[in-house]
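Asker: Using only what follows, build the 3D model:
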Amino acid sequence: MSAPTQRPPKVTEREARQVAEAARQQDWHKPSFAKELFLGRFRLDLIHPHPMPADEDVRRGEAFLAKLRAFCETRVDGARIEREARIPDETVTGLKELGALGMKIDPKYGGLGLTQLYYNRALALVGSVSPALGALLSAHQSIGVPQPLKLFGTQEQKDAFLPRLARSDISAFLLTEPDVGSDPARLATTAVPDGDDTYVLDGVKLWTTNGVVADLLVVMARVPASEGHRGGITAFVVEGDSPGITVEHRNAFMGLRGLENGVTRFHQVRVPAANRIGPEGYGLKIALTTLNTGRLSLPAACAGAGKWCLKISREWAAEREQWGKPVARHEAVGTKISFIAATAFALEAVVDLASQMADEDRNDIRIEAALAKLYGSEMAWRMADELVQIRGGRGYETADSLAARGERAVPAEQLLRDLRINRIFEGSTEIMHLLIAREAVDAHLAVAGDIIDPDKALADKAKAGARAGGFYARWLPRLVAGQGQLPGAYAEFGELATHLRYVERTSRKLARSTFYAMSRWQGKMELKQAFLGRIVDIGAELFAMSAACVRAELLRTTGEHGREAHQLADAFCRQARLRVAELFGRLWDNTDDLDRKVVDGVLAGSYTWLEEGILDPSGDGPWIAGTPPGPSERENVHRKIP
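Answerer: Numbers count the residues shown, from 1 in each chain. This is a model prediction of the structure:
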């Protein structure tokens, strides 16, 4: 008889939402450009003049980038990593010696103390040579042990772990489980208190990036409530070689073939209570807060990919001739190149702006970081897809095959495979839509949420109605008119002023649309996920337009390619405005209701006749692997990098 599977606890949809709501950061103590944008208030003063790094930060950051560039040029073989599906130990050792593990760690713990801006530029540089190597460094520092310790760790924990993490030890973040993804309320891994000074971990974690080679782990586990223990999902620092830990499998993926990502089992793993980060039940809040800035590493890699797409498309489209002229001169190809160039400029503008805002710490950037992740991952994928199309058959051919027949080894198809995961990593596009939408309507729920809450008493609903009346009496009139309707507004931006006026007008239109939808659907609004996704996508375009204009103006005032930057920003904004117009049109004119009926039919088996005439090459086995408790029956594939 097989051992019973350790299953996640059964929770209702409402309970799951309550867990997620309790974990999110509730208060807004600092201004937020993006939050205001969704409310119809275009606060250009929060991002312009463009924030700038301190001179010492620039000196330290540029010095490290120079060393890192030399290392990548001479000691990183991206083709070998792709071919062997593994990052060589000597490459990781070299990065350790360079101090790359400690880019974001304070120098007093042996780190480099780089700003978020230069950390992201470093990741973009490394990722352009090997996306798998960039992912290793990002997972280690953006979501691994260093960041939660920096934000929530005790001084004793920082003293004990940060020096190791800065120079020698690789870290990983373990939250996802075989049957638990973006719904942490169902987390099955447990941490049972054993006395006052120890917890015992049991469970299985899936897709543990860096987990195969990690020395230190951040593990999210559920502490049962008991006398003296409030319980709840809790974060722990765990030694990767602790007895009872087995890396049972190293996962292989469509892209990022060098990624050290695996399945990790915990069986009766004893963890000192001193290794708990924050209080019990605080784990999800730690995870979400860590991701507020940690998410910026992913769009940084996407921005770097966009730059490479531009370089290859420029060089190839000028060289390749069809019908008597370079393919770039054919409009069908030229429009793709224009899209790549304009979007590459905008993505870098978004990442640099959000990064510098994170460094200054004057603004709350939780929405900006989420928008950067969402927008960067989606647009980088589109740029890579267009590059493959521009390259034609050569875009679909592997770099090794190209080289074998004597042509330049351009890994365009690899880039497409490598970038695809970014739309899933650290919050899928669908989850990011919902997360951002929740923050975007936070002001509305703060004043009117009790009205649509079925658990609230009539007296509470009445009070909420009074609050809402006062809020909307002040807010709604401000959505009628604004600077975007003044022909001379934002004149200092020259020809880009028209786009900033458009952003101001459109942010008010977006807020009006959101308010109308809330009035129409009330408590059912949260079920209108397609609608909310379009609202968020409009906000993302407006944020990117704002960032592009502000960056172009910065470059003009500093004399660095100002004219060209303005041209790229103008092209991007005009392209973005077309996308926004389409999204607005689909807010109210769409197939959402019909789509739900079709889905009902699919799930009911009404269309199985449509599946006839094919064979399914899938193998046997359950859709989700069982995770019976107990010791591992597999070989431990964990490997330590010297």
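Asker: List the contacts of Asn275.
Answerer: Asn275 is in contact with Gln157, Phe236, Val237, Val238, counting by CB atoms under 8 Å, 6 or more residues apart in numbering. In short, each C-beta sits where N, CA and C put it, glycine included.
Asker: Near Lys509, how many other residues are there?
Answerer: Counted with other CB atoms under 10 Å, the neighbours of Lys509 add up to 15.
Asker: Report the separation between the closest residue to it other than its chain neighbours and Lys456.
Answerer: Counting by CB to CB, 6 or more residues apart in numbering, Phe584 is the residue found nearest to Lys509 once chain neighbours are left out, at 7.4 Å. Distance from Phe584 to Lys456, counting by CB to CB, to the nearest Å: 33 Å.
Asker: rewinding a little: now, the contacts of Asn275 that are in strands?
Answerer: Assignment to strands by DSSP state E places the following of the contacts of Asn275 there: Phe236, Val237, Val238.
Asker: out of these, who's nearest Glu82?
Answerer: Nearest to Glu82 out of those is Val238 (CB to CB; 31.1 Å).
Asker: where's the closest residue to the closest one other than its chain neighbours relative to Gly240, distance?
Answerer: Leaving out its chain neighbours, the residue that sits closest to Val238 by CB to CB, 6+ apart is Leu217, at 4.5 Å. Distance of Leu217 to Gly240, given as CB to CB: 6 Å.
Asker: Confirm that Val269 sits in a strand.
Answerer: Yes - counting by DSSP: H, G, I helix; E, B strand; the rest coil, Val269 is located in a strand.
Asker: and the closest residue in space to Leu402 that isn't next to it in sequence, what does it touch?
Answerer: Nearest residue to Leu402 in three dimensions, chain neighbours excluded: Ala409, at 5.2 Å (CB to CB, 6+ apart). By CB under 8 Å, 6+ apart, Ala409 lies in contact with Ala79, Ala399, Asp400, Leu402, Ala403.
Asker: quick one: which of those has the most company?
Answerer: Neighbour counts for the contacts of Ala409, by other CB under 10 Å, peak at Ala399, which reaches 20 neighbours.
Asker: That one is in contact with Leu415, isn't it?
Answerer: No - in this structure, Ala399 is not within contact of Leu415 by CB atoms under 8 Å, at 10.0 Å.
Asker: Confirm that Val263 sits in a strand.
Answerer: Yes - assessed with three-state DSSP, Val263 lies in a strand.
Asker: so what's the residue lying closest to it once chain neighbours are set aside scoring on pLDDT?
Answerer: Nearest residue to Val263, sequence neighbours excluded (CB to CB, 6+ apart): His249, at 4.3 Å. At His249, the model reports a pLDDT of 96.
Asker: which secondary structure element contains His249?
Answerer: Assessed by DSSP states H and E, His249 sits inside strand 245-250.
Asker: Name the strands paired with that strand and say parallel or antiparallel.
Answerer: Take DSSP bridges as the rule and strand 245-250 pairs in its sheet with strand 261-272 (antiparallel).
Asker: for the partner strand, the distance to its chain's centre please.
Answerer: Its chain's C-alpha centre and that of strand 261-272 lie 26 Å apart, by CA atoms, centre = their mean, to the nearest Å.
Asker: doesn't Val192 make contact with Gly203?
Answerer: No - with contact defined as CB under 8 Å, Gly203 does not reach Val192; the gap is 10.9 Å.
Asker: neighbour count winner among these two?
Answerer: Set Gly203 next to Val192 and count neighbours by other CB under 10 Å: Gly203 wins out with 25 against 16.
Asker: and the more buried one, that's in a strand?
Answerer: Yes - judged by three-state DSSP, Gly203 forms part of a strand.
Asker: Which residue is the nearest non-sequential neighbour of it?
Answerer: Thr189 is the one closest to Gly203 (CB to CB, 6+ apart), at 2.7 Å.
Asker: What score does the one you found have for pLDDT?
Answerer: Looking at Thr189, its pLDDT is 96.
Asker: now this protein, which segments are flagged as low pLDDT?
Answerer: Along the chain, the model assigns pLDDT under 70 to residues 1-23, 448-450, 452, 454.
Asker: ranges for the strands of the chain?
Answerer: Listed in chain order, the strands of the chain (DSSP E) span 171-174, 190-193, 198-209, 216-223, 232-239, 245-250, 261-272, 276-277, 321-322, 325-326.
Asker: now, of these, which is deepest in the fold?
Answerer: strand 171-174 (a mean of 28; mean count of other CB atoms under 10 Å).
Asker: burial count for the closest residue to Leu532 other than its chain neighbours?
Answerer: Closest residue to Leu532 apart from its sequence neighbours, by CB to CB, 6+ apart: Ala437 at 4.0 Å. Counted with other CB under 10 Å, the neighbours of Ala437 add up to 23.
Asker: is it true that Ala437 touches Ile535?
Answerer: Yes - Ala437 lies in contact with Ile535 (CB under 8 Å); the separation is 6.3 Å.
Asker: what residues do the two have in common as contacts?
Answerer: Common contact partners of Ala437 and Ile535 (CB under 8 Å, 6+ apart): none.
Asker: Contacts only, for Ala274.
Answerer: Per CB under 8 Å, 6+ apart, neighbours of Ala274: Glu156, Gln157, Asp197.
Asker: of those, closest to Thr429?
Answerer: When the contacts of Ala274 are ranked by distance to Thr429 (CB to CB), Gln157 comes first, at 34.4 Å.
Asker: nearest residue to that closest one other than its sequence neighbours?
Answerer: Closest to Gln157 by CB to CB, 6+ apart is Leu149, at 5.7 Å.
Asker: still on that earlier bit, and the residue nearest to Leu532, what is it in contact with?
Answerer: Contacts of Ala437 by CB under 8 Å, 6+ apart are Leu532, Gly533, Ile535, Val536.
Asker: Give me the buried entries from those residues.
Answerer: Leu532, Gly533, Ile535, Val536 (16 or more other CB atoms under 10 Å).
Asker: Settle this for me: the last one is touching Ile436, isn't it.
Answerer: Yes - Val536 lies in contact with Ile436 (CB under 8 Å); the separation is 4.7 Å.
Asker: what do these two both touch?
Answerer: Common neighbours of Val536 and Ile436, counting by CB under 8 Å, 6+ apart, are Leu371, Leu374.
Asker: Can you report how many residues neighbour Gly40?
Answerer: 24.
Asker: Pull up the overlap in contacts between Leu217 and Gly240.
Answerer: Common neighbours of Leu217 and Gly240 (CB under 8 Å, 6+ apart) are Ala172.
Asker: count of residues packed around Arg579?
Answerer: So Arg579, with other CB under 10 Å, has 13 neighbours.
Asker: show me the contacts for the nearest residue to it once chain neighbours are set aside.
Answerer: In space, and not counting its chain neighbours, Arg579 is closest to Glu541: 5.8 Å by CB to CB, 6+ apart. For Glu541, the contacting residues are Tyr375, Ala576, Arg579, Val580, Leu583, by CB under 8 Å, 6+ apart.
Asker: For those, give me a markdown table that also has distance to Val327.
Answerer: Below are the contacts of Glu541 laid out as a markdown table (distance: CB to CB, whole Å):
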| residue | distance to Val327 |
| --- | --- |
| Tyr375 | 28 |
| Ala576 | 25 |
| Arg579 | 25 |
| Val580 | 30 |
| Leu583 | 31 |
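Asker: Closest one of those to Ala369?
Answerer: Closest to Ala369 out of those is Tyr375 (11.0 Å), distances taken as CB to CB.
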